[in-house]
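Asker: this one's structure only:
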C-alpha cells in the first residue's frame, strides 16, 4: 500500500472510537495490500537425479541407502507415487522436460546413434535419432526467463554440444542466464577431477567429486540471485555409472547389513553423496531465509538400472515397463503444499513446463505444441485429478544385447497408461501387453487376452497418438543381415 502507515490509513478512513470494530477488517485490508505489493514469485529449485530408481530413497522404502535430507524434504512436502519420466533413458527425458513435448515431436529418443551392432538380430530398422534439441523450440528456461526469473543451470545437459566450445546448443544459448555445462567421458571413471570438465573449461581442483562440484556451483548462483526470483535447474550425474564414491562412505556401507534387494556399498555411497548435497542446498536456502518462498523439486530422469533391483517394479532403465520409467518425485512448497501428503495421480515429464508457468503466473511465449498438463492443482490438493485420460511413451529402438541369448532384451515399443491400466505395443511382432497397475504393479499378469476389448481400445488410442504426433517409426528391413555381414541400409523417418 505504498508504505502508508497503519495509523495514517485509519485516520484517513475517519476511524475513531465509534469505528473501532472496523479495525480488524481494516488491518486485514492493510496486510493484504502490503503482502500483494511486497510478495515476489517463488524461487524454483529443480534437482534432477540421473538413473535414480523409484525405490532408491528411504522415503520410498529403501532401508539400505541412507537419504535423510531427501526423506526430510518428503516429510515437508508431497510425494508422487505415480510419477513418470518421458523416456527410459536420459536424453529423451531431458528433452521432454525442457520442451514440454513428447518424444515424437522433438525427435530425441536415445543418446547418440541407435544400436546397430547386431543387425542380424533386428527384424526392424530403428529410425534416425535427433541428437540436439531443435533450436526452434522454446525451452523451459526461455519461458522462466520471460516470466521474470533469473535462470541458472549446472550439470548434465545431453541436448546438444559441438566439441568443447560454446555452440548454439549450449544451455547459455537456450534460456539460461548462468550455465555451467559439465561433461565427462564414457568408461570406468567420471566422478573425480580431472575425469570431468566443463564447457567452457574452468579450473577444478584435482580430486573434486563431481556431485560436490555441481552443488558448490549452484550455491554460488543462489547467493548471487537471492534478491530476485530465480529458477535453478540442477541435473546431477549421480547416480549414473560408473560406480565411484568416496572411500570413507563406501567403507561405511561395507559394514552395514545388506538387504535382499540392495547390497552394493558403492552405489549406496553415491546416493548418500547426492543426499548430502541436497542437504547443503536446503541449508543454503535456510541461511538466506529463502526456504519459505522457494519450491524445491526432486525428480529423476528414468528408472534405475535393473542390476540394482527395482522390485517390485518390472525391469529397469531402457524398458518401458514400470522399472524403466516410474521415478520418485517430491515437491516442497511451504504454505502451499501440505507437509507429508501423498499423491497417486499420474504425472509425467512434459507436465513440468505448464506447471511452472502456472506457478510463475505466465501463459508462456513459446509457439510449439505443449503436450503436458499443469499439476499445480495436485500440489494444492493431493487428491485432485488432472483433465486428461492418458499419458504416452515412444521408444522405437533396440537396447541391451544379451550375449548368451543372442538377442536384444529391449525392442521397439510404444506405451500408454489410462487410469490404472497400461498397455505396451511391441513393433517386432505387433503383440500387446495389458496390465492393471493398481493390482499388478510388477506387470506380471498380461490381461490382453482376458480383456480384448480393453486392449483394443487402448491400442487404437495409442496408434492414433503415434499417427497424430508423426512419430518416427522403425521400418521393416529389406534383408536381415547375417552375423558379421556389413550393412549400409539407410534409415528413414516416417
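Answerer: Perfect, I can see it now. These figures come from a predicted structure and were not determined experimentally.

Asker: contacts, neighbours, all on C-alpha from now
Answerer: Fine.

Asker: Count residues in the vicinity of residue 395, would you?
Answerer: Using other Cα atoms under 10 Å, residue 395 has 30 other residues around it.

Asker: Tell me the gap between stretch 92-100 and the middle of its chain.
Answerer: 8 Å (Cα atoms, centre = their mean, to the nearest Å).

Asker: do the same with stretch 232-240
Answerer: 10 Å.

Asker: List the buried residues of that stretch.
Answerer: Going by neighbour count (16 or more other Cα atoms under 10 Å), the buried part of stretch 232-240 is 232, 233, 234, 235, 236, 237, 238, 239, 240.

Asker: right, and the helix or strand after whichever strand or helix holds residue 324?
Answerer: Assigned by DSSP states H and E, residue 324 falls within helix 322-325. Next helix or strand after helix 322-325 toward the C-terminus (DSSP H and E): strand 326-332.

Asker: which residues are in contact with the helix holding residue 324?
Answerer: Contact partners of helix 322-325, identified using Cα atoms under 8 Å, 6 or more residues apart in numbering, comprise 53-54, 84-89, 302-306, 310-311, 313-319, 441-443.

Asker: Could you dump the buried residues of stretch 232-240 into TSV with distance to residue 147 and pLDDT added?
Answerer: TSV is the format used below for the buried residues of stretch 232-240 (distance: Cα to Cα, whole Å; pLDDT from 0 to 100):
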residue	distance to residue 147	pLDDT
232	14	98
233	16	98
234	19	98
235	22	98
236	25	98
237	28	97
238	30	98
239	32	98
240	33	97
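
Asker: For these, give me TSV that also has secondary structure and distance to residue 387.
Answerer: As requested, the buried residues of stretch 232-240 are exported to TSV (DSSP: H, G, I helix; E, B strand; the rest coil; distance: Cα to Cα, whole Å):
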residue	secondary structure	distance to residue 387
232	strand	28
233	strand	27
234	strand	29
235	strand	29
236	coil	32
237	coil	34
238	coil	34
239	coil	34
240	coil	34
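
Asker: Residue 392: which of those is nearest?
Answerer: residue 235 (23.3 Å; Cα to Cα).

Asker: doesn't residue 179 make contact with the closest one?
Answerer: No - using Cα atoms under 8 Å, residue 235 makes no contact with residue 179, being 11.7 Å away.

Asker: Need the overlap of contacts for those two.
Answerer: 153, 154.

Asker: can you tell me which two in the buried residues of stretch 232-240 are farthest apart?
Answerer: Spatially, the most separated pair among the buried residues of stretch 232-240 is 232 and 240, at 21.1 Å (Cα to Cα).

Asker: Regarding the chain, what is its longest helix?
Answerer: helix 265-287 (DSSP state H).

Asker: starting at the chain centroid, how far to it?
Answerer: Per Cα atoms, centre = their mean, the displacement of helix 265-287 from the mean C-alpha position of its chain is 18 Å.

Asker: Next up, the contacts around the nearest residue to residue 129 once chain neighbours are set aside.
Answerer: Closest residue in space to residue 129, ignoring its immediate chain neighbours: residue 108 at 5.8 Å, by Cα to Cα, 6 or more residues apart in numbering. Residue 108 makes contact with 91, 92, 95, 129, 130, 131, 132, 133, according to Cα under 8 Å, 6+ apart.

Asker: let's go with 7 Å and repeat that
Answerer: Residues near residue 108 by Cα atoms under 7 Å, 6 or more residues apart in numbering: 91, 92, 95, 129, 130, 131.

Asker: Residues touching the longest helix of the chain, excluding its own?
Answerer: Under Cα under 7 Å, 6+ apart, the answer for helix 265-287 is 65-67, 69-70, 211-212, 215, 219, 238-239, 243-245, 249-250, 253-254, 291.

Asker: Work out the sheet partners of the helix or strand residue 296 falls within and label each with its direction, please.
Answerer: Taking DSSP H and E as the definition, one finds residue 296 inside strand 294-300. Here strand 294-300 is paired, per DSSP bridges, with strand 43-49 (parallel), strand 326-332 (antiparallel).

Asker: quick one: that strand to helix 265-287, angle?
Answerer: Orientation note: strand 294-300 sits at an angle of 170 degrees relative to helix 265-287 (axes from the mean of the first three to the mean of the last three Cα atoms, to 10 degrees).

Asker: so residue 235 touches residue 49, yeah?
Answerer: Yes - applying Cα atoms under 7 Å as the test, residue 235 and residue 49 come out as touching, 6.1 Å apart.

Asker: still on that earlier bit, which of the contacts of residue 108 tops the neighbour count?
Answerer: residue 92 (33 neighbours).

Asker: Run through the residues that contact that one.
Answerer: Going by Cα under 7 Å, 6+ apart, residue 92 touches 86, 103, 108, 109, 110.

Asker: swap the cut-off to 6 Å and go again
Answerer: 108, 109 (Cα atoms under 6 Å, 6 or more residues apart in numbering).

Asker: Work out for me the element it sits within.
Answerer: Per DSSP H and E, residue 92 falls inside helix 90-99.

Asker: which sections of the stretch 251-400 of the chain are below the confidence cut-off?
Answerer: Within the stretch 251-400 of the chain, not a single segment meets pLDDT under 70.

Asker: related to what we said a few turns ago, the contacts of residue 108: which two are farthest apart?
Answerer: So, the contacts of residue 108 by Cα to Cα: farthest apart are 95 and 129, at 12.5 Å.

Asker: What ranges does the stretch 301-450 of the chain have for its strands?
Answerer: Counting by DSSP state E, counting those that start in this stretch, the segments of the stretch 301-450 of the chain that form strands are 326-332, 341-343, 347-348, 391-395, 399-402, 407-410, 413-418, 421-426, 431-436.

Asker: Adding distance to residue 40, write these out as JSON lines.
Answerer: Converted to JSON lines, the strands of the stretch 301-450 of the chain look like this (distance: least, Cα to Cα, whole Å):
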{"stretch": "strand 326-332", "distance to residue 40": "18"}
{"stretch": "strand 341-343", "distance to residue 40": "26"}
{"stretch": "strand 347-348", "distance to residue 40": "27"}
{"stretch": "strand 391-395", "distance to residue 40": "34"}
{"stretch": "strand 399-402", "distance to residue 40": "47"}
{"stretch": "strand 407-410", "distance to residue 40": "47"}
{"stretch": "strand 413-418", "distance to residue 40": "38"}
{"stretch": "strand 421-426", "distance to residue 40": "41"}
{"stretch": "strand 431-436", "distance to residue 40": "44"}
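
Asker: Please name whichever of those strands is nearest to residue 453.
Answerer: That would be, of the strands of the stretch 301-450 of the chain and by Cα to Cα, strand 431-436, which comes in at 11.1 Å.

Asker: Parallel or antiparallel, which strands does that closest one pair with?
Answerer: By DSSP bridges, strand 431-436 pairs with strand 421-426 (antiparallel).

Asker: Please work out the angle formed by the directions of the strand it pairs with and strand 391-395.
Answerer: In terms of direction (the same axes, to 10 degrees), strand 421-426 departs from strand 391-395 by 20 degrees.

Asker: chain center to strand 421-426, what's the gap?
Answerer: Mean-position distance between strand 421-426 and its chain equals 22 Å (Cα atoms, centre = their mean).

Asker: contacting residues around it?
Answerer: In this structure, residues lying in contact with strand 421-426 by Cα under 6 Å, 6+ apart are 413, 414, 415, 416, 432, 433, 434, 435, 436, 437.

Asker: correct me, but the last one touches residue 420?
Answerer: This points to residue 437. Yes - applying Cα atoms under 6 Å, one finds residue 437 in contact with residue 420, separated by 5.4 Å.

Asker: which neighbours do these two share?
Answerer: Counting by Cα under 6 Å, 6+ apart, no residue touches both residue 437 and residue 420.

Asker: any idea how the chain splits into domains?
Answerer: 6-38, 43-389, 392-476 (automatic domain parsing).

Asker: Just name the most buried of the ones you listed.
Answerer: domain 43-389 (a mean of 20; mean count of other Cα atoms under 10 Å).
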